[in-house]
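Engineer: Turn this into a structure:
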Amino acid sequence: MMKFQGSHILSVSQFDREAISRILQVASQMAPYAMRQKRCHVLDGAILNNLFFEPSTRTRVSFGTAFNLLGGFVRETVGEENSSLSKGESLFDTAQVISGYSDVIAMRHPKMHSVAEFAKGSNVPVINGGDGANEHPTQALLDLFTIQSEMTPYDKGLDGINIVLMGDLKHGRTVHSLSKLLSLYKNVKVTMIAPDALQMPDNVISTLTNAGHEVVLTDKIAGNLACDVIYQTRIQQERFASQDEADLYRGHFSLNKQVYHQYCKDHTVIMHPLPRDSRPEANELDTDLNDLDNLAIFRQAQNGVLVRMALFALTLGVEEKLTQFEKPITWYTNKN
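Structural biologist: Below is the predicted model of the structure:
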């Protein structure tokens, strides 16, 4: 079993199935706190430093929310221009200083492998919130949690899952990490729908095929959406040399209610790491899907809080102490 306490969470390659099962199990235990049925102050006095040197809404806020829900305090630095990195300070020096102020650090950075470089200088656990086009391990874990949750009513699990990955698969770090985790399961089929220029990197495809899974590469939607899960990604404009280049691919793989009912199964679940690009020229997930029960994108985002709560509890060694630090909710809430 992976040792969680005191460990950095930098890459999905750290996890085996046993470790993933443990994370998802602890995440399930966090639901009463996230739904405001009760409070937990097991991390009262602990400090999370959120260092987000690339734009983020859901990931940054959900990390902070997850820590607050366990009773901890959150400090934030948003934007490299607001940090001493803009003055030439190295990632190592920043890590040495900030880890002295913190009990755990969550970090996002636009350069690949930068979070791992930062972690070398940190004296406290560092959790990767996304490093360029490389990886997004916490997103991959919440995606597995979501797939497992959404498939339970259909008596399906992660083994035997039939999933479609669609959109910008070259630059989408979420689908890179998710694919690597899916390779740990049995009898998985992954259909990758993307133009050749934005198809999944060869090393990620090899991870799946070397594990014995079926991988289908195509640039056609028609006839390829009869699956358990569609995982749509946006065009990663910030990874292209120019907006004009990104615009060449925008809107090619739009999913709307007509396409869904024409090609998908009745139980096909739609996922997306968000933000979805709702501009008319992109419209990757049409708003006419908003009333579809199988649109799981907002439940998926909420699951991010549960998974990040679990990772904080595990890395700080308090996962067995949760119930000892529970309190009743004292304010009005309609969440529960």
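Engineer: Nearest the middle, which residue of the chain would you pick?
Structural biologist: Note on the chain: the residue nearest the mean C-alpha position is residue 139, at 1.0 Å, using C-alpha atoms, centre = their mean.
Engineer: where's stretch 91-109 relative to the chain centroid, distance-wise?
Structural biologist: Averaging C-alpha positions (C-alpha atoms, centre = their mean, to the nearest Å) puts stretch 91-109 21 Å from its chain's average.
Engineer: Report the rounded mean pLDDT for it.
Structural biologist: Stretch 91-109 carries an average pLDDT of 94.
Engineer: Then stretch 208-216?
Structural biologist: Rounded mean pLDDT across stretch 208-216 is 97.
Engineer: Tell me which residues of that stretch come out buried.
Structural biologist: 208, 213, 215 (16 or more other C-beta atoms under 10 Å). For every residue, glycine as well, the C-beta is placed using N, CA and C.
Engineer: List just the nearest of those residues to residue 157.
Structural biologist: Distance ranking of the buried residues of stretch 208-216 against residue 157, using C-beta to C-beta, places residue 213 first at 15.2 Å.
Engineer: Quick check: the closest one vs residue 116, distance?
Structural biologist: Distance of residue 213 to residue 116, computed by C-beta to C-beta, to the nearest Å: 27 Å.
Engineer: Residue 211 now?
Structural biologist: From residue 211 over to residue 116 the distance is 24 Å, taken as C-beta to C-beta.
Engineer: roughly how far out does the helix or strand hosting residue 129 sit from the chain middle?
Structural biologist: When elements are assigned from DSSP states H and E, residue 129 belongs to strand 126-131. The chain centre lies 10 Å from the centre of strand 126-131; the measure is C-alpha atoms, centre = their mean.
Engineer: Please apply the same query to stretch 112-125.
Structural biologist: Offset of stretch 112-125 from its chain centre (C-alpha atoms, centre = their mean): 19 Å.
Engineer: Wait, a strand at residue 215?
Structural biologist: Yes: the assignment for residue 215 by DSSP: H, G, I helix; E, B strand; the rest coil puts it in a strand.
Engineer: in the sheet, who's paired with it?
Structural biologist: Counting by DSSP bridges, residue 215 is bridged to residue 190.
Engineer: which residues in the stretch 1-150 of the chain form strands?
Structural biologist: Secondary structure of the stretch 1-150 of the chain (DSSP state E, counting those that start in this stretch): strands located at 39-40, 47-52, 73-78, 104-109, 126-131.
Engineer: how long is stretch 10-24 from one end to the other?
Structural biologist: One end of stretch 10-24 to the other measures 17 Å (C-alpha to C-alpha, to the nearest Å).
Engineer: Report how many residues lie close to the residue lying closest to residue 13 once chain neighbours are set aside.
Structural biologist: Excluding the flanking residues, the one nearest residue 13 by C-beta to C-beta, 6 or more residues apart in numbering is residue 180, at 6.8 Å. By the measure other C-beta atoms under 10 Å, the count of residues near residue 180 is 21.
Engineer: Backbone dihedrals for residue 180, please?
Structural biologist: phi -60, psi -40 (degrees, to the nearest 10).
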